[in-house]
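Colleague: My questions concern the predicted model and sequence given below.
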Amino acid sequence: MIQAFLRLDTEAIDLSEKILNLTDANFDESVRGSPKLVVDCWAPWCGPCKMIAPTIEAMANDYKGKVVFAKLNTDEAPKTAMSLGILSIPTLIFFKDGTQIERLTGAHPRANIEAVLRKHFD
């Protein structure tokens, strides 16, 4: 039991280095401060969210320095989720220079996500 806790804690540390953790408190500042941002709106109980999580992690690593990836737990940030009009998760929201430019709802494959990145961020 202790080993699992330590493993989860280590994973959280590794994840935070690659992916921003957005909250109601830091959302607006993070969007304004990231010229190219992809926000993954998710919840811990969401199966499809868990399915795309490894893809988001891999892309955050592969696009490091070019595009910022962030996660917004809709259960922990209900104000922001409501203001964004999140009706289903996972939802990926693409921001360029602080403006929302596109969104994908559902568990999309990496190729679909990369097509949106190329369309807006190349």
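Modeller: In hand now; what should we look at?
Colleague: ok, and the closest non-adjacent residue to D97?
Modeller: In space, and not counting its chain neighbours, D97 is closest to P35: 5.5 Å by Cβ to Cβ, 6 or more residues apart in numbering. Quick note: C-beta positions are derived from backbone N, CA and C, even for glycine.
Colleague: separation between that neighbour and F121?
Modeller: P35 is 9 Å from F121, where distance means Cβ to Cβ, to the nearest Å.
Colleague: So for those two, which sits in the more crowded spot?
Modeller: F121 (17 against 13; other Cβ atoms under 10 Å).
Colleague: so what's the spatially most central residue of the chain up against?
Modeller: The structure's the chain has its C-alpha centroid closest to D40; by Cα atoms, centre = their mean the separation is 2.6 Å. The contact partners of D40, by Cβ atoms under 8 Å, 6 or more residues apart in numbering, come to I19, C49, I52, A53, I56, F69, A70, K71, L72, P90, T91, L92.
Colleague: nearest to Y63, of these?
Modeller: F69 (7.2 Å; Cβ to Cβ).
Colleague: how much space between the closest one and R103?
Modeller: The value you get for F69 to R103, if Cβ to Cβ is used, is 15 Å.
Colleague: out of the two, which sits in the more crowded spot?
Modeller: F69 (23 against 17).
Colleague: nearest residue to that one other than its sequence neighbours?
Modeller: A60 (3.8 Å).
Colleague: doesn't L20 make contact with that neighbour?
Modeller: No: using Cβ atoms under 8 Å, A60 is not in contact with L20, being 9.1 Å away.
Colleague: so what sits against both of the two?
Modeller: With Cβ under 8 Å, 6+ apart, A60 and L20 have common neighbours F69.
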